[in-house]
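*Asks:* Following is a predicted model, sequence given first.
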Number of protein chains: 2
Amino acid sequence: MKSVYRFGSGRADGSAQMKDLLGGKGANLAEMVNLGLPVPAGFTISTTVCVHYMKNGDYPADLAGEVKSSLEHIEQQAGRKFGDPKAPLLLSCRSGARASMPGMMETVLNIGLCERTLPGLAAMTGDERFAYDAYRRLLTMYADVVMEKAEGIEPKDGQGIRARLEVLMRELKERTGHSSDADLTAADLKGLCAAYKARIAETFGKPFPEDPQEQLWGSIRAVFRSWNGKRAVAYRRIENLPDEWGTAVNVQAMVFGNMGDTSATGVAFTRNPATGDARFYGEWLRNAQGEDVVAGIRTPNPLNAASRNVRNEAMESLETAMPGLYAELDRYRGILEKHFRDMQDLEFTIENGKLYMLQTRTGKRTGVAALNIAMDMLGEGLIDERTVLLRVQPSQLDELLHPILDPAAERDASLLGEGLPAGPGGATGRVVFTAADAIAWSRREKADPVILVREETSPEDIDGMRSAAGILTARGGMTSHAALVARGWGKCCIVGAKDTKVDAAAKKLTIHGSVFAEGDWLTLNGTRGRVYAGKVAMMDATEQPRFQQFMDLADKYRKMVVRTNAETPGDAALARRLGAGGIGLFRTEHMFYGKGSDVPLFLLRKMILSRTTKERRAALDELFVHVKAVVKGTLEAMDGLPVTIRLLDPPLHEFVPKAADKQAALAKSLGVTVEDVRKRGEDLHESNPMMGHRGVRLGITYPEVTEMQARAIFEAAAELLAAKKQPVPEIMVPVTCEVKELEHQNAIIARVHGEVCRKAGLSKIPHMVGTMIEIPRAALLADEMARAAEFFSFGTNDLTQMTFGFSRDDAAAFLPEYLGKRLLKADPFQTIDQTSVGKLIEMAVKRGRATRPDLEVGICGEHGGDPESVKFCYRVGMDYVSCSPFRVPIARLAAAQAAIEDEADSSIEKRS
Amino acid sequence: MKSVYRFGSGRADGSAQMKDLLGGKGANLAEMVNLGLPVPAGFTISTTVCVHYMKNGDYPADLAGEVKSSLEHIEQQAGRKFGDPKAPLLLSCRSGARASMPGMMETVLNIGLCERTLPGLAAMTGDERFAYDAYRRLLTMYADVVMEKAEGIEPKDGQGIRARLEVLMRELKERTGHSSDADLTAADLKGLCAAYKARIAETFGKPFPEDPQEQLWGSIRAVFRSWNGKRAVAYRRIENLPDEWGTAVNVQAMVFGNMGDTSATGVAFTRNPATGDARFYGEWLRNAQGEDVVAGIRTPNPLNAASRNVRNEAMESLETAMPGLYAELDRYRGILEKHFRDMQDLEFTIENGKLYMLQTRTGKRTGVAALNIAMDMLGEGLIDERTVLLRVQPSQLDELLHPILDPAAERDASLLGEGLPAGPGGATGRVVFTAADAIAWSRREKADPVILVREETSPEDIDGMRSAAGILTARGGMTSHAALVARGWGKCCIVGAKDTKVDAAAKKLTIHGSVFAEGDWLTLNGTRGRVYAGKVAMMDATEQPRFQQFMDLADKYRKMVVRTNAETPGDAALARRLGAGGIGLFRTEHMFYGKGSDVPLFLLRKMILSRTTKERRAALDELFVHVKAVVKGTLEAMDGLPVTIRLLDPPLHEFVPKAADKQAALAKSLGVTVEDVRKRGEDLHESNPMMGHRGVRLGITYPEVTEMQARAIFEAAAELLAAKKQPVPEIMVPVTCEVKELEHQNAIIARVHGEVCRKAGLSKIPHMVGTMIEIPRAALLADEMARAAEFFSFGTNDLTQMTFGFSRDDAAAFLPEYLGKRLLKADPFQTIDQTSVGKLIEMAVKRGRATRPDLEVGICGEHGGDPESVKFCYRVGMDYVSCSPFRVPIARLAAAQAAIEDEADSSIEKRS
């Protein structure tokens, strides 16, 4: 098997199709050569060699020979010889994996420079200073990358060779009185190189290798080894890339952008990666090397007029400075974009007036840009509608739906710490420590926004949470109370912030040692989970012009319905505007939280504290009025669309106040003793409420509670029918594990249905009765469950909890470590774990439909808004997914993509 | 299909094999006839008719005809005619299901008596009083059973017809001045019958039917309907009998034991049902009806010398009173026992010197009797060894292992209430309310035993629980803390006692309104879950002579190993004596509870409160010594047998004291602030600890904890090896859900193993590393788990919790209602739910062995001691079950039965 692939002068062994073998960089270099673009000659050592090296610690037998002959090929193309004292060929050696891992692996430049070839380079370029500067750079990189890092040498006193060499540079500058590198003379640099070499030899106990071949092979080995370097491994963990891929190594003739004023270097995007603007965009530097552009030490020049901004508006553009070369570059831009049919990220170097292309790859972009570019390219006929939809990651839509931090301002902001990105968007505001304070501060005249900071939130904080611009908690996971509520509202929220102490009593927040008091400014990036000190500028990315068109396109290909989780007419209307095709989860208990909940909550508590069934019924009769009102409003807002109403789910103790003063107040208003309230709270206390007396278990032990809810739903629907509306209620029984539970509840619901029909003079009220599948046993016995359920809705939050035995409220203590150590590939509360929870779901759908072929199947857990999970739901044949209103567009796009990917899969199947 | 099966005069249509069709009573009546025994002629209407009636509300078309001709058959046999005014045939109509449901369904006697036939009966018997008494009995039964209950008529003011008729009897007695029924004259009874009939007509708006045919059909219908009567339904729920069986109806010629001094009636057992003594045993009454013997109003006479006891020793026996008839009965006893090869429960009536057999069925017996009878019959050659083992229910062995209440004393005791039978045996003692009081009372000179009464118990009560003779808690389920601990010790315990309030502060216990203070006597029957007031006599049933022989026999057929759950050398030795083949579950954390735990618990707390890894390591080094000591002692006690040691399992917050004073004491002894202790406790607090930071999750986040335990185990083993012992440690990683967790822990264990071996100069220490399968995900991914596990041990407690979503600590709030309403067939924490948890287990065993064919598989949950679950474990191919020491003999027997039943199944398979 061939190990080395050459490219140069219009011919390449490889192509863009060969990314797995050549890595992204190598494959695209080959492709550019095939397209006739000027690329310095070179060759790519394939990823299979890396895999071989990782496994065996040495190279395949043929490699040395292939490298030798390929090197001769470069020499031929470049017209110079490697190691030639007169006109030495210099080489670069760069990594390049299948997927881009920017900055994560190593590069060595100027390979082939040594005492013997230095004079040749100086003569050839007519610039001795340049030659020694190049040598200095090689010495630094080689010592750092090859001699230290690749050998796994732990630096003494934590000070690596790079720092130890920089000390010499600093000393030289102090001695010579020069403040800038550029002021150093050739002689200065020559002396510095000698000092560098001495320190290298002293540090590693062996000298810098003067043999160009040894330099080349050392560099190749270092690049391969850098695949398993700390940074690369960490990056792969974050990005979920497999360790088995390995990297390719690209060896290429060096070209120099720093050979004088007719030389330059730059990076460019074929379109603006921040906005999607369809004009060429980039930066360049005269007489510089590529690393200088990205290092951020010098402010680069704008590529052209379209690339000007506040920082560079006065600077010369390439377009005006070197119009011919700019035109050539612009031509290549056209060729590459037409060829790759996507926005490209380019690197180029101009050496003595000659343009070389060093890299092209698909450019990273913001969500806004992704959408605009895709829509533009559709208009330009570059891509088709399906491709448009696949070009935007569903999660990128988030950006368009929430206010965000101004990226430029965020770059300059002072990062305090990180937490879990629980609610999207950005928020800047003044710190408050209690829900009451959040409300009080927000009510002030000309109120600044507030950031509510809590150890963790509870349902009692709801109003304060709503008043806050952002929420920060020290504890909790991605599905903790704060996270669920914030995400439901599309509110910026960070939970489980690391090294964060919240002392609400003292009104003191400490993050990584920084202390904040009430009223201090704090800024959150909820999309990335970052916390900044002070005030950071915000930006409004909503109402993008193309957004609606794009979503219409998604709906054209989408086959699965997207519903929403909503409990109020307002949220229902919002979700409908965002494209929801109904409500997949109406949580009855939400009427007992937050604003306007005083009366219903009081009645619920009265019910809970009843001593007899008679008292309980009386309280329920009063509560009924309120339940009916909310249900009716929501059914009306979703007129004509299904609304899945879940019967009361949480354990009752959640509603009994725990604080002594609140217990006293409740006792007083109910006319019972404090002891009664305290005792009832104690009686209801549970060790593991998640697996306690909740859901259908309440409906079994208190059938009158189910009855009241059924009556509220049917009476609401009957009244709407009378008003010529089309209510479509779907009654959902939660936490079932056994078909007999469902039969028990169905009997009550059927009886109430009959009674309400008789009263209203209707033959029937259209509705369905189904169940939530959220307990493993229900999934295992889905064939039986379907006997009594007209629909299944997978409650994947609880199903994940039970299947993993992970309490989502407590998993923060170990789950981050599991993800960090890669014991789990992804947070199962964010993305359905297909090997376990997914298996149960698939099994349940299949068995359920075997019993009842027209069984309606959906999902209403938080996963309903996770793109990967949405695709899974489509594949297993669900009728709908349901998610919080602000995630509806994301789910719509994910569903469209799933349908398109499925088409593609089936057409591949047909062909094969 | 035939609906009616006749019997009488040496010929019967049915036989004992036809129980499904004829019910137990009908089949055995037929069998007695076939055996030539004197049985009053009759016929049985099959259970299929009942099923038909339940489904359609009417009878099969042929029934009327078949009944008519069968009735003629009885008339022929009896030589009397039904409805004949001269010599009327009277009939009984009795239920009879497949399985005995004593007293749960209805019976009507004396059918055929009416104004028209009364004089005939009086003439025929020469006893007018007898005739009116019979008529009165018919009127009462018919009105009650047929006219009221079978019609589902709700009695006015809660007073049923039976009570309304009894009022008349009472009034008559008052009027006549007679205190006993027997003193009433024929004329009295005649008037009473008229009054009865008037009240019946007035109550139901229709008269008592004078037509014998109508009486017969009414009675048949009433018996069928009684299958769905409240009592019958409730009984089937308790006994887990299917509703679909239906009952048969037995119509039979009446014989009368109350026709004078040559008449009698009695019940007998072919052997003593309480002790198993191989002599005939029974009771009889002269001139009485069967119901008089069981009603308990008159003390019955002893059947023979062997039946004498303190209550009846002076009374005449049948053996002496009617020696001929006794001899005849004794002959039938021999025939029946030889035929059925089991102890029989007989009913007989003597009518005017002629003996009739009315029933035979397999007799119920105590555990002691079951064992003795089976062993005796083996000696007599009646049954083979396999049958001996199948004759004793594993749960009956419980009786032989614990002190019990004297059954006679219990009968007379004052029942206060009931709870869940959590720990076996009986206990009588003085009430105490705290663990400390339990210890204090027990330490007094000549201390009376104490009953520890708690709201619920916690690990801190352990010493008090050990000091107590019995434990009673108001809360908790069968697997609550108290229940688990008590069962582990074989200690009498009742949990979740109904209507029980415990006020520990006031030292007041209230059960159903009865109040007990500290020091009051209370008695518990932990086997039946009954609570009695005062002191009740105890009995020692242990050390039965046959016990060892019987268990040896069980071991001869048993193929599956039975291990024990034990944590101390003492328990290990006890379990070994009871036949344990190793330890299946050694819970490391038990060393932190109870006696002698002060130092280890302090060190554990020190570890928990460490602020750095270094501090934690220091605390662990100290703790190591203690862990090693306990492990070593236990390995030594189980020398040569495997000991499965589970790594630390509970969440750490369980070990941080919650009370302020204890926190203060701990802070002081650790030299930290109270605030440190409080804060750490708070940080560790979990919403759902069952699914929180525990098990392997601790080992992942604190690898040094796993390391310490591994070192303790290997060093203990190495020291024992040096002492020429054979330690067989099996290290078990708990709460895993993913193979990578196991790989992570395995790496630590393997490293420590290597280190200890090097230090001890050993090439290896024999051991296994495996995992507990207790999380659904682990079961679903068992094929992967087996890659890194040499054994699986199913933790069915947690697996049941997760699969059902039932917290066992909280399920008491709804599980009893689920069982009461038959939403679930059995408590899944007692018996493995084979449809869900069982499915997961089966799947996991199969998949695990597919990966690793020699995978060792066992169970260590509480189910390991449940006979039905043990049989399930055998069927799915487990190598062992493990249970608490006192359940080891039970599991041994269950395992033997499973092997025997499996032989039978496979020989049936071979034959078919």
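*Replies:* Structure's in. What do you need? Keep in mind the model is a prediction, meaning the values are calculated, not measured.
*Asks:* Other residues contacting stretch A:485-493?
*Replies:* Under the criterion Cβ atoms under 8 Å, 6 or more residues apart in numbering or on different chains, residues A:401-403, A:422-427, A:457, A:462, A:465-466, A:468-473, A:482-483, A:524-526, A:565, A:571, A:862, A:865, A:884-887 lie in contact with stretch A:485-493. All C-beta spots, glycine's among them, are computed from the backbone N, C-alpha and C.
*Asks:* how does it look with 7 Å?
*Replies:* A:401-402, A:422-427, A:462, A:465, A:469-471, A:482-483, A:524, A:526, A:565, A:884-886 (Cβ atoms under 7 Å, 6 or more residues apart in numbering or on different chains).
*Asks:* tell me the helices in the stretch 101-250 of chain A, going along the chain?
*Replies:* Using DSSP state H, counting those that start in this stretch, the helices of the stretch 101-250 of chain A run over residues A:118-125, A:128-141, A:161-176, A:186-204, A:212-226, A:230-239.
*Asks:* between the first one and helix A:186-204, how many degrees?
*Replies:* Angle between the axes of helix A:118-125 and helix A:186-204 is 140 degrees (criterion: axes from the mean of the first three to the mean of the last three Cα atoms, to 10 degrees).
*Asks:* How far away from the center of its chain is helix A:118-125?
*Replies:* Remark: helix A:118-125 is offset 49 Å from the chain centroid, using Cα atoms, centre = their mean, to the nearest Å.
*Asks:* In helices, which of the contacts of stretch A:485-493 appear?
*Replies:* With helices taken from DSSP state H, the overlap with the contacts of stretch A:485-493 comprises A:Leu401, A:Ile462, A:Met465, A:Ala482, A:Ala483.
*Asks:* Thought A:Gly476 was touching the last one, still the case?
*Replies:* Yes - counting by Cβ atoms under 7 Å, A:Gly476 is a contact partner of A:Ala483 at 6.4 Å.
*Asks:* which residues are in contact with both of the two?
*Replies:* Residues touching both A:Ala483 and A:Gly476 (Cβ under 7 Å, 6+ apart) are A:Val495.
*Asks:* quick one: which of the helices of the stretch 101-250 of chain A is nearest A:Glu291?
*Replies:* helix A:128-141 (8.9 Å; Cβ to Cβ).
*Asks:* before we move on, the earlier item: quick one: the ones in helices among the contacts of stretch A:485-493 as JSON lines, columns for distance to chain B too.
*Replies:* Formatted as JSON lines, the ones in helices among the contacts of stretch A:485-493 follow (distance: Cβ to the nearest Cβ, whole Å):
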{"residue": "A:Leu401", "distance to chain B": "31"}
{"residue": "A:Ile462", "distance to chain B": "18"}
{"residue": "A:Met465", "distance to chain B": "19"}
{"residue": "A:Ala482", "distance to chain B": "13"}
{"residue": "A:Ala483", "distance to chain B": "14"}
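*Asks:* quick one: which of the helices of the stretch 101-250 of chain A is nearest chain B?
*Replies:* helix A:230-239 (12.9 Å; Cβ to the nearest Cβ).
*Asks:* buried set for that closest one?
*Replies:* Residues A:Ala232, A:Tyr235, A:Arg236 are the ones in helix A:230-239 that count as buried (16 or more other Cβ atoms under 10 Å in any protein chain shown).
*Asks:* Could you give the bridge partners of A:Ala264?
*Replies:* For A:Ala264, the beta-bridge partners under DSSP bridges are A:Arg286, A:Ile350.
*Asks:* hang on, I meant A:Phe43
*Replies:* Taking DSSP bridges as the rule, A:Phe43 bridges to A:Arg6, A:Val251.
*Asks:* For it, list the residues it contacts.
*Replies:* Contact analysis of A:Phe43 by Cβ under 7 Å, 6+ apart lists A:Val4, A:Tyr5, A:Arg6, A:Phe7, A:Ser70, A:His73, A:Ile74, A:Val251.
*Asks:* how close does the closest residue to A:Met538 other than its chain neighbours sit to chain B?
*Replies:* Distances taken as Cβ to Cβ, 6 or more residues apart in numbering or on different chains place A:Pro403 nearest to A:Met538, at 5.4 Å, with adjacent residues excluded. Distance, A:Pro403 to chain B, using Cβ to the nearest Cβ, to the nearest Å: 32 Å.
*Asks:* Test my guess that A:Pro403 contacts A:Thr428.
*Replies:* No - taking contacts as Cβ under 7 Å, A:Pro403 lies outside contact range of A:Thr428: 9.6 Å.
*Asks:* can you pull out the helices in the stretch 801-912 of chain A?
*Replies:* Under DSSP H, counting those that start in this stretch, the stretch 801-912 of chain A gives helices at A:815-820, A:837-851, A:867-875, A:888-911.
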